[in-house]
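pasting the structure only:
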């Protein structure tokens, strides 16, 4: 190990972040810690600051041309977040100096940042071009899209804002401050530098690092453990190929999860893979340590013919086969997981899949279904299940989410053990998708009685108190009207807009004006009973404009806008068809919507659920809502 500053580090090598590593992950807390460390080197005249470890692996001895010389490329095993942030900040400082006429620092750009199209530090996972744009000009040529790209761009903006603010505060001393910052980053920040000789050592070394930054995810810890396992237990002949396979599949996983625009997580994806490839009961999930158990990938407890009492263990060869199978499975799971957690028209297998996955997301309860959806999607792509059966499963899950979570208000993990079991059934081919779909409706019946559901929808209720249920119902009703009456037009109000309560309009207003027609046509008891009833609520984009006007003004007439009759929202246009708004009209509209609800979310084709000997239903409620949402 050696202590080196940035000038020492970058003088002899080109640095590359391998694709199997996670992308740029630092956020505001880490940026601010970094800024404070660098500022202390200037403001407090500290001689040096130890900032962590940089570990590299030099795979190939081949050199490549860079600027006026030839340099060897090394892979960064640990320290990529610090090196990336140092490079961003240093580029901002040099550009700032150039902008105020101090151009002599431009000559050091090749030594620390880039030369033509080659960077001293090359980033991975779709951030390479963006990083080059940022350190070269400060302006990306394309808008950041992936999670890692967004973080990288935000890091540059955050560092630049801080520097602009500090330089402005320094006044005439601004240039001296910038020179001092340059000196602090290149000379006073000290790293412990270590080079790994064998690629198989990467896994052993990486987990033992106790450096500053964001904690390693479960996915990263598992990769390191597998690399260590391969180094310890694989033969010389197979070690390199298995190491390469692990790197390839982790690269796939990081890339797939990174493409979800922040909607997916490494830990969540790994748990889905655990459910399908290890064991499905939720209570068996033990995080990273679970993979070390004897049933999966033990480090040293293997079957030995000389120890018959250990006959329940796997051989080293069988364990290696399982390791390879799981690594391959993780890549496959991550592909389908990413499409499920972030559905797009381009990424979905069909337009119907996109529609139904989007609906399930809108209910806010997709986490419960992730292993089942992933298993079903894998088998569909393998053509082992029918596309129609898959669509019917999606419809059943959406119905379950509406009835159990939105209507009944059950905890977000209700039915979790069953869904995990059925994921395993489909993945292992024990039961058909039609059978599982029928069981979903059967479980729905257990949690949500059909008679109670129907009765609740046909009598006055305070829907406004159940905002999630109300928003989803009215939005789906709008889609229904557009499909049946609006020639399939897209809704003029987006789902994202519904997060604001101003998109819900009370036709009979909450506080009628004095001498209003509302007070003469509605008794106090009627207003109290029906104010928040579904029949009196409608989606709108003009809530603030309607205020508490009488119905004729809200309904509108030619030349008067905004109004129901001029609205682009179909359900508002329907209200404009009424001559007046009294209890009679409200009940007529409520009956129409209620009948649609009862038909739309009717339990169907349900059967008695087979007993689950492996997991009691009561276990579904053992996990807190917060924990369930997090995975």
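Cool, got the structure. Because the structure is predicted, anything quoted here is derived from the model rather than measured. Numbers count the residues shown, from 1 in each chain.

quick one, what contacts the spatially most central residue of the chain?
Among the residues of the chain, the one closest to the centroid is residue 263, at 1.8 Å (Cα atoms, centre = their mean). Contact analysis of residue 263 by Cβ atoms under 8 Å, 6 or more residues apart in numbering lists 341, 342. Every residue, glycine included, has its C-beta placed from N, CA and C.

for it, helix, strand, or coil?
Here residue 263 is recorded as coil under DSSP: H, G, I helix; E, B strand; the rest coil.

Next: residue 56.
Applying three-state DSSP: residue 56 is strand.

Now do it: how many residues are near it, please.
Neighbourhood size, residue 56 [other Cβ atoms under 10 Å]: 19.

How about the one 3 residues further on?
Other residues within reach of residue 59 by the criterion other Cβ under 10 Å amount to 12.

My assumption is that it lies in a helix; please confirm.
No - under three-state DSSP, residue 59 falls outside any helix and is assigned coil.

Is it correct that residue 454 is in contact with residue 598?
Yes - contact criterion Cβ atoms under 8 Å: residue 454 and residue 598 qualify, at 5.3 Å.

Tell me the spacing between residue 439 and residue 445.
Using Cβ to Cβ, to the nearest Å, we find residue 439 at a distance of 10 Å from residue 445.

Please identify which of the two sits among more neighbours.
More crowded of residue 439 and residue 445, by other Cβ under 10 Å: residue 439, with 22 against 16.

tell me the SS of the residue nearest to that one when sequence neighbours are not counted?
Spatial nearest neighbour of residue 439, excluding adjacent residues (Cβ to Cβ, 6 or more residues apart in numbering): residue 609 at 5.1 Å. Secondary structure for residue 609, judged by three-state DSSP, is coil.

Just the buried positions in the helix or strand harbouring residue 317, please.
In this structure, residue 317 sits in helix 316-341 according to DSSP states H and E. Buried residues in helix 316-341, counted by 16 or more other Cβ atoms under 10 Å: 316, 319-320, 322-324, 326-341.

do stretch 485-502 as well
486, 491, 493, 498.

Please name the nearest non-neighbouring residue to the last one.
The one in question is residue 498. Among residues not flanking residue 498 along the chain, residue 471 sits closest, at 4.7 Å (Cβ to Cβ, 6+ apart).

In contact with that neighbour, which residues are there?
Residue 471 sits next to 498, 503, 504 when contact means Cβ under 8 Å, 6+ apart.

what about it, distance to residue 216?
For residue 471, the distance to residue 216 equals 38 Å [Cβ to Cβ].

now residue 62
For residue 62 relative to residue 216 (Cβ to Cβ), the value is 31 Å.

ok, the two, which is more surrounded?
Neighbours of residue 62 and residue 216, each counted by other Cβ under 10 Å, are more numerous for residue 216; the result is 18 against 8.

ok so the more buried one is a strand residue?
No - counting by three-state DSSP, residue 216 is not part of a strand but coil.

so what's residue 81 scoring on pLDDT?
Reported pLDDT at residue 81 in the predicted model: 92.

What helix or strand is it located in?
Counting by DSSP H and E, residue 81 is part of helix 80-99.

next one: the helix or strand following that helix to chain centre, how far?
Next in sequence after helix 80-99, counting helices and strands by DSSP H and E, comes helix 109-112. The chain centroid and the centroid of helix 109-112 are separated by 36 Å under Cα atoms, centre = their mean, to the nearest Å.
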